[in-house]
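>>> What follows is a predicted structure for the sequence shown.
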Amino acid sequence: MLPSVLHCARPVSTALVLTRPLAHFKPHMDPDPSRPVERAIRTKLTSALEPEYLEVHNESHMHAVPPGSESHFRVLVVSPRFEGVSLIQRHRMVNDALREELSSRVHALAIQVKTPQQWGSNPTLAKSPPCMGGSRGDHTMEEKLKAGRE
């Protein structure tokens, strides 16, 4: 698990710094070109929700999928766009932004959404429970994994 956490700490690109003058913009918001699904998730959430803070964790290694898969993710999105919006509507906003990935390449997505004020008072990311093997019964899983590699 440590390599996946360290994998998230990448330098912010100069372009992002120049175009997004947010004090809370974090290094791991810069997409990794070697992870196309993760990159698409980061790009789409950044575009749709303009987060002050974003974490995208590939948790596929915790599940019954081949090594190197990009099928199970956890996201933390902190955005002022969530002000005055219910939790269910916030989740819908994330799901709408990732509609293509959720219908094809992503099997599971854990979502944590906060306003900047909520994040300021509780800057933590929830832990994922251990895999219960649910993907073994999903007959579309093989197709989704294949689509994620293409």
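Arrived safely, thanks for sending. Because the structure is predicted, anything quoted here is derived from the model rather than measured.
>>> Give me the pLDDT value at Val65.
If you check Val65, the pLDDT there is 78.
>>> Now it. Nearest residue, chain neighbours left out?
Nearest in space to Val65, with sequence neighbours left out and distances taken as Cβ to Cβ, 6 or more residues apart in numbering, is Ser71 at 5.3 Å. In this view, the C-beta of every residue, glycine as well, is placed from N, C-alpha and C.
>>> how many neighbours does the one you found have?
The local packing count at Ser71 equals 23, with neighbours defined by other Cβ atoms under 10 Å.
>>> again, but for the one 3 residues further on
When counting by other Cβ under 10 Å, one arrives at 19 neighbours for Arg74.
>>> That one: which element?
For Arg74, the element it lies in under DSSP states H and E is strand 72-78.
>>> partner strands of that strand, parallel or antiparallel?
Strand pairing for strand 72-78, using DSSP bridges, gives strand 53-58 (antiparallel), strand 108-114 (parallel).
>>> circling back to that earlier point, surely the residue nearest to Val65 and His63 touch.
Yes - applying Cβ atoms under 8 Å, one finds Ser71 in contact with His63, separated by 7.2 Å.
>>> which strands and helices sit next to the longest helix along the chain?
For the chain, the helix reaching the highest residue count under DSSP state H is reported as helix 36-49. Where contact means 3 or more Cβ pairs under 8 Å, 6 or more residues apart in numbering; DSSP states H and E, helix 36-49 is packed against strand 53-58, strand 72-78, helix 87-97, helix 99-104.
>>> Of these, which is nearest Pro129?
Across the helices and strands packed on helix 36-49, the minimum distance to Pro129, taken as Cβ to Cβ, is reached by strand 72-78, at 11.0 Å.
>>> Residues contacting that closest one, please?
With contact meaning Cβ atoms under 8 Å, 6 or more residues apart in numbering, strand 72-78 is reached by 24, 37-38, 41, 45, 49, 51-60, 62-63, 65, 94, 106-116, 118-119, 125-126, 128.
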